[in-house]
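Trainee: give me a model of this one.
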Amino acid sequence: MNKNTICLWYDKDAEDAARFYARTFPNSSVNAVHRAPSDYPSGKKGDVLTVEFTVCGIPCIGLNGGPIFPHSEAFSFQIATENQEETDRYWNAIVGNRGKESECGWCKDKWGLNWQITPRTLTEAFAAGGDEAKRAFDAMMTMKKIDIAKIEAARRG
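Mentor: Next up is the predicted model:
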């Protein structure tokens, strides 16, 4: 067992979510599915209770705890991408699977979990600081999915 594991609360679809993440992102897998040994407030004996999975190498547990605690923007996975093709692939996988676009490279999957699909060129621009960072930031603020060509143009001025 890992020393630290992210626990994500789902209404009832932790296994479906974990399988989607495993299909979508590299170094991701569903490792174990555990069923409830008896009835519980939001389920019955035999229902999927927890799912152990990894997302890009990060260990997670999905807990089917019912609708009381929905996901919020206070937690997100940030996925670093190398190029526009990779950015598009992840963005389109999430949004195209009944997810929702948001601003500045953020989107939400159909289970309500938030994702930042972030090209490395954007984080490099921020790290450069000064006018380059400001131009890249201002360009990002006009986007939903990040357009790398526009970020690179902004970096150059």
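
Trainee: how about the helices in this protein?
Mentor: 14-24, 84-95, 120-128, 130-140, 148-156 (DSSP state H).

Trainee: OK, contacts around the residue positioned nearest the centre of the chain?
Mentor: Among the residues of the chain, Trp115 comes closest to the average C-alpha position under CA atoms, centre = their mean, at 3.2 Å. Applying CB atoms under 8 Å, 6 or more residues apart in numbering, we find Trp115 in contact with 76-79, 90, 94, 106-109. (C-beta placed from N, C-alpha, C; glycine too.)

Trainee: what about Glu124, how many residues nearby?
Mentor: 14 (other CB atoms under 10 Å).

Trainee: pull the contacting residues for Val48.
Mentor: 14-15, 33-36, 64.

Trainee: one step back: which of the contacts of Trp115 are buried?
Mentor: Neighbour counting with 16 or more other CB atoms under 10 Å marks 76-77, 79, 90, 94, 106-109 as buried within these.

Trainee: share the number of residues neighbouring Ala153, please.
Mentor: With other CB under 10 Å as criterion, Ala153 counts 13.

Trainee: from Phe20, how far out is the spatially closest residue to it that is not a sequence neighbour?
Mentor: Closest residue to Ala153 apart from its sequence neighbours, by CB to CB, 6 or more residues apart in numbering: Ala139 at 7.7 Å. In this view, Ala139 and Phe20 are 30 Å apart by CB to CB, to the nearest Å.

Trainee: with Phe75 instead?
Mentor: Phe75 is 17 Å from Phe20, by CB to CB.

Trainee: okay, those two: which has more neighbours?
Mentor: Phe20 (20 against 10).

Trainee: mind listing what that one touches?
Mentor: Neighbouring residues of Phe20 by CB under 8 Å, 6+ apart: 97, 109.
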